[in-house]
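Q: Task: produce atomic coordinates for the following.
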Amino acid sequence: MKVPVIFSSFLATVLLLGGCGTSSNEGEEPSDNQNDATTSGETRAFTAPNGEEINIPENPERIVTDFYAGEFLAVGANVVGAGSWSFSNPFIEEELKNIKDVGDPIHTEEVLALEPDLIVVMDEEQYEKLSQIAPTVVIPYNTAKNVEESLQLFGELANAEAEAAQFLDSFNEEAEAARARVQEVVEDDATFGIYELTDKGDFWVFNDNAGRGGQVIYNALGLKAPKAIDEEVIKTGEMKQLSTEVIPDYAADYMFITDYHPEGDSKLPEMESSPIWQGLEAVKNNRVFINDFDTFYPYDPISVRGQIDLIADMIVERAENNSQ
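A: Below is the predicted model of the structure:
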C-alpha cells in the first residue's frame, strides 16, 4: 500500500497492530461506463490537503470511502460504500448494515456498481482509477488532529456544516459532564498513559491521535501525560515502541492498555508476571486498565464520543473500588 510519508510509520503499526484487510483488486479496471457514475448536478470547489482544487458535488448523495465512514456518518452524510476495516467498529455497527463493504484495498468494480458521486480515501494508491468513477479526494492520515477538526473537514466535504456543529455541541456537553465526574476522583497531578501490547510481545506507547482512546483521555477529559510521553510522543505526533526495560520510564499513574491478539495468544499473562511490570506504581495501586482493541482503536467522532463514558466510568468505578 503506497501512502504519504506522514502516514508511513503509522501504517506499519496499523498493519502490525490493527490488521488491515488482505483482499486485493490487482488488475481491476473501471468499466467503460465509468463516467455514468459521476454527478451531473451542481458542483463546488474543494481544496484538498495537498492544495489541489477539486470539483465535487454541491450536495453529495452517494459517498464511498476507505477509512472515513465514521467521520461522514457523524455529519449525517449518506455513505453507500466503506472499506472493510470499518465493519469492526462497534460504534457504527447499526449504520453499517446498509453500507456496502467495498474491500481493503477498495475493489474498483464494486465502487463503480454503487454509482457514487463522491469518493474520499486515505490511501492515494488507487486515485487514478477511482477518480475516473467520481470526483475523488485524498485525505491523508492525521490531516484532522481532533474531533473538532474532523467534523469541520468532513462537514465541509459533505456540505453538512450545520450537522457538524450540532454534533460538536453535543460532544462538548458529554465531554464536560464526564470531565467533571473524573475530576472528582483523580488527583490534580495524576498522569495517564495509553499503550498497546501485541500478540508478538511488542509494547507501544501512543499519542492523543492514534486511536486507543487518546482523544478521550487527553482531549475530551483533559488528563495529563507523563513528561516522557508528552515530550517524546504527544508533541512529536509519533508512537514509540518500548523495550521491557524502559517501560518504567514511560509509565503513568493510570495506564490504559489495548490487548491486541487477533491471530495469536495474548501476551498479557507473560507481561504481568514480569518483575518490572509488578514494580510499576499503576500496577501496585490497581490503576491498570486492559481494553478491547476493536472498541478503543477507532478515532472517528462517533467512536470518540462513545468512548467518553466508557473511559470515565472505568476511572470512577476503579477509584470507588480502590477506596473500599
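
Q: As a check, name the ranges of all strands in the stretch 101-250 of the chain.
A: 118-121, 136-138, 192-198, 203-205, 240-242 (DSSP state E, counting those that start in this stretch).

Q: Which residues does the third one contact?
A: It stands for strand 192-198. The contact list for strand 192-198 (Cβ atoms under 8 Å, 6 or more residues apart in numbering) reads 16-17, 203-207, 212-214, 217-218, 223-226, 229, 242, 250-261, 266-268, 271, 293. From N, CA and C alone the C-beta is placed, and that goes for glycine too.

Q: Show me which of the residues you listed are buried.
A: Among the contacts of strand 192-198, those scoring as buried are 16-17, 203-207, 212-214, 217-218, 223-226, 229, 242, 250-260, 267, 271, 293 (criterion: 16 or more other Cβ atoms under 10 Å).

Q: for the strands of the stretch 101-250 of the chain, which one sits closest to Y299?
A: With Cβ to Cβ as the measure, strand 192-198 is the member of those nearest Y299 (11.6 Å).

Q: Give the partner strands of the closest one in its sheet and their orientations.
A: Its sheet considered, strand 192-198 pairs with strand 203-205 (antiparallel), strand 254-260 (parallel) by DSSP bridges.

Q: Please state the offset of the helix or strand following the shortest one from the chain centre?
A: Tracing the chain C-terminally past strand 203-205 and defining elements by DSSP states H and E, one meets helix 214 next. If you compare the mean C-alpha spot of helix 214 with that of the full chain, they lie 10 Å apart, counting by Cα atoms, centre = their mean, to the nearest Å.

Q: Check stretch 84-92 too.
A: 11 Å.

Q: Flag every buried residue along that stretch.
A: So, applying 16+ other Cβ under 10 Å, buried residues of stretch 84-92: 84-89, 91-92.

Q: Could you dump those into a markdown table with pLDDT added?
A: Putting those into a markdown table (pLDDT from 0 to 100) gives the following:
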| residue | pLDDT |
| --- | --- |
| S84 | 94 |
| W85 | 89 |
| S86 | 93 |
| F87 | 94 |
| S88 | 92 |
| N89 | 94 |
| F91 | 96 |
| I92 | 96 |
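
Q: Which single one of these is nearest to Q324?
A: Nearest to Q324 out of these is F91 (Cβ to Cβ; 31.8 Å).

Q: show me the contacts for the closest one.
A: Residues in contact with F91 (Cβ under 8 Å, 6+ apart) are 70, 298, 300, 302-303, 305-306.

Q: Show me the domain layout of this protein.
A: Residue ranges for the domains of the chain, per automatic domain parsing: 5-159, 177-323.

Q: The closest residue to A144 other than its chain neighbours: neighbour count?
A: Among residues not flanking A144 along the chain, S150 sits closest, at 3.9 Å (Cβ to Cβ, 6 or more residues apart in numbering). Using other Cβ atoms under 10 Å, the number of residues around S150 comes to 27.

Q: do you know how far S150 is from P301?
A: 6 Å (Cβ to Cβ, to the nearest Å).

Q: Could you tell me which residues touch both of these two?
A: By Cβ under 8 Å, 6+ apart, the residues touching both S150 and P301 are 71, 74.

Q: just to revisit the earlier point, ok, which of the strands paired with strand 192-198 comes nearest A178?
A: With Cβ to Cβ as the measure, strand 254-260 is the member of these nearest A178 (14.9 Å).

Q: what's the following helix or strand after the closest one?
A: Sequence order places helix 268-272 as the next helix or strand after strand 254-260, per DSSP H and E.

Q: Can I get that following helix as PDB, trimmed to CA atoms?
A: Provided in PDB are the C-alpha atoms of helix 268-272 (Å, rounded to 0.1, in the frame of the first residue of the first chain):
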ATOM      1  CA  LEU A 268      -0.700 -10.300  28.800                       C
ATOM      2  CA  PRO A 269       0.000 -13.100  31.300                       C
ATOM      3  CA  GLU A 270       3.700 -13.100  30.400                       C
ATOM      4  CA  MET A 271       3.900  -9.300  30.800                       C
ATOM      5  CA  GLU A 272       2.000  -9.400  34.100                       C
END
